[in-house]
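> My questions are about this predicted structure, shown below with the sequence.
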Amino acid sequence: MRFFVRKRRTTPAVIIVALIDVLIVLVIFLLVTTMFKQQQYMVKLAESSQAQKTGANQNPPLTVSIDEKSGLRLNNDVVTMGQLLDGLRAAVVKNPDVTLAINADAKAPWGTVVKVRDAAAEAKIKTLIAYTKEAAKP
């Protein structure tokens, strides 16, 4: 019987510098990705006893949000009244049956809501929706 003498293996060396480099890259990645926050704004809707729950539509409406300081947003993009009209016209060219949803704050100036409705009429949008919330039940 022949016995083989086993050579002792050297233990694998862990290169700490490479691990630190990988760790630093992960930390930088996490820092950069956590800085991408979405801008959120609160809109307090007016109450209505006729409020309806929105369902899933095949064609989601264009949403114009009006805050209490007359700030306008078209699908979450801040716009001016001129940009709003151009955006509405472009949407009508793409889809003539587009629906416009007005999401106005309860304290939004009524004049701004009227201007948005006028811009929708000028862009030849036929269907308007006003978002509201259900009135509190006594």
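Good, I have the coordinates.
> what sits against Ile125?
88, 91-92, 98-100 (CB atoms under 8 Å, 6 or more residues apart in numbering). Where you see a C-beta, it was placed from the backbone N, CA and C, and this is true even at glycine.
> State the distance from the nearest residue to Thr112 once chain neighbours are set aside to Asn59.
With CB to CB, 6 or more residues apart in numbering as the measure, Ser70 is the residue that lies nearest to Thr112, at 4.6 Å, once sequence neighbours are left out. Here Ser70 is placed at a distance of 28 Å from Asn59 (CB to CB, to the nearest Å).
> Show me which of these two is the more surrounded one.
Each of Ser70 and Asn59 had its neighbours counted (other CB atoms under 10 Å), and the higher figure belongs to Ser70 (14 against 9).
> Tell me if I'm right that the more buried one and Val114 touch.
No: using CB atoms under 8 Å, Ser70 is not in contact with Val114; the gap is 11.7 Å.
> And Ala128, its phi and psi?
If you look again at residue 128, you'll see it is Leu, not Ala. According to degrees, to the nearest 10, the main-chain angles of Leu128 amount to phi -120, psi 140.
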